[in-house]
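Chemist: Mind looking at a prediction? Sequence and model below.
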Amino acid sequence: MLTMTRPIIETTDISKMYQMGTEQIHALRSVSIAINKGEYVAFMGPSGSGKSTLMNIVGCLDTPTGGRYVLNGSDVSHMSDNQLAEVRNKEIGFVFQTFNLLPRATSLDNVALPLIYAGYSKSDRQEKAMQALRSVGLDTRAKHRPNELSGGQRQRVAIARALVNDPSIILADEPTGNLDTKTSYEIMDLFEALYEKGNTIIMVTHEDDIAHYAHRIVRLRDGLVESDMVNEDIATHHHLNG
């Protein structure tokens, strides 16, 4: 029974220190957070607050200097780069501000890319990639290359690529940073729909209006958690609808 309630992400007193010349930079001082499966959380904070460092550790792009990080039951705090890469490929779907798509590849091939590392056959890759494109409403653009798509459509392709491996968590770093306001809100509506389907979403942003789409907001300052609150606006809106 206990395994059911175990958080999918659990950090205990994690810290991260960098050496810059003779100076020691404390990017994270002591951060403990637990995130359950199916949550939608925003990490917020000004530049230098530690939110990007925390995202890199949660996303297994980096390991903490101190403390413990358990992702989906595995302690990843002291893993080697190769082990981390394996966990990343299996557990995490990334969405970046810059889309990071291969310019010469079609939408379908861009989305199918993570499946090559996972060892799927070509027909399975295409089928799964098509499913993921359908889930972001872009199945009609499967054969288009990035330069034939709008910014919002490119970000949808990137989101489909993040979904294709059925990751434990979707990690979105300033996902609307390169989009105009109207397109930003469309992309946030898409994240809401993915959350409704049961995906666990962590978003990193410094923009209040974007953070307010999340259902829980963790604010960081100077490498510490300043506050960790349920987003009441969303919560009440959701209870009204059902």
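Modeler: Yep, that arrived. Owing to the predicted nature of the structure, the values given are computational and were not obtained by experimental measurement.
Chemist: Spatially central residue for the protein, please.
Modeler: residue 171 (0.4 Å; Cα atoms, centre = their mean).
Chemist: Mind naming the longest helix for this structure?
Modeler: In the chain, assigned by DSSP state H, the helix with the most residues is helix 181-196.
Chemist: immediately after that one, which helix or strand?
Modeler: Past helix 181-196, heading to the C-terminal end, the next element that is a helix or strand (DSSP states H and E) is strand 200-205.
Chemist: Now do the same for that following strand: mean pLDDT, whole number.
Modeler: Averaged over strand 200-205, pLDDT sits at 96.
Chemist: got any ranges where the chain has weak pLDDT?
Modeler: Along the chain, segments meeting pLDDT under 70 span 1-5, 234-242.
Chemist: which stretches of it form helices?
Modeler: Under the criterion DSSP H, helices of the chain are mapped to 2-5, 51-58, 81-91, 107-117, 122-135, 151-163, 181-196, 208-211, 232-241.
Chemist: Who are the packing partners of the second one?
Modeler: Going back to what we said before, that points to helix 51-58. The contact analysis (3 or more Cβ pairs under 8 Å, 6 or more residues apart in numbering; DSSP states H and E) places helix 51-58 against strand 9-20, strand 23-35, strand 40-44, strand 66-71, strand 169-173, strand 200-205. Where you see a C-beta, it was placed from the backbone N, CA and C, and this is true even at glycine.
Chemist: got it, and the fourth one?
Modeler: Applying 3+ Cβ pairs under 8 Å, 6+ apart, we find helix 107-117 packed against helix 122-135, helix 151-163.
Chemist: what angle separates the shortest one from helix 107-117?
Modeler: Computed by axes from the mean of the first three to the mean of the last three Cα atoms, to 10 degrees, the angle separating helix 151-163 from helix 107-117 equals 20 degrees.
Chemist: do the same with the longest one
Modeler: When the same axes, to 10 degrees is applied, the directions of helix 122-135 and helix 107-117 differ by 130 degrees.
Chemist: How about residues contacting helix 122-135?
Modeler: By Cβ atoms under 8 Å, 6 or more residues apart in numbering, the surrounding residues in contact with helix 122-135 are 107-109, 111-112, 115-116, 120, 139, 141-142, 157, 160-161, 163-164, 194, 197.
Chemist: Please, a ChimeraX command that selects the buried ones among the residues you listed?
Modeler: The ChimeraX command for the buried members of these (criterion: 16 or more other Cβ atoms under 10 Å) is given here:
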select :107,108,109,111,112,115,120,139,141,142,157,160,161,163,164,194
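Chemist: Leaving out chain neighbours, which residue sits closest to residue 102?
Modeler: Setting aside the residues directly before and after it, residue 102 is nearest to residue 110 in space (Cβ to Cβ, 6 or more residues apart in numbering), at 5.7 Å.
Chemist: Dig out what the closest residue to residue 52 other than its chain neighbours forms beta bridges with.
Modeler: If the residues on either side of it in the chain are set aside, residue 52 comes closest to residue 204, at 6.6 Å by Cβ to Cβ, 6+ apart. Residues found in beta-bridge contact with residue 204 (criterion: DSSP bridges) are residue 43, residue 173.
Chemist: For residue 204, list the residues it contacts.
Modeler: With Cβ under 8 Å, 6+ apart, residue 204 has these contacts: 42-43, 51-52, 55, 171-174.
Chemist: Residue 57 too?
Modeler: Taking Cβ under 8 Å, 6+ apart, one finds 11, 14, 16, 28, 63-64, 69 in contact with residue 57.
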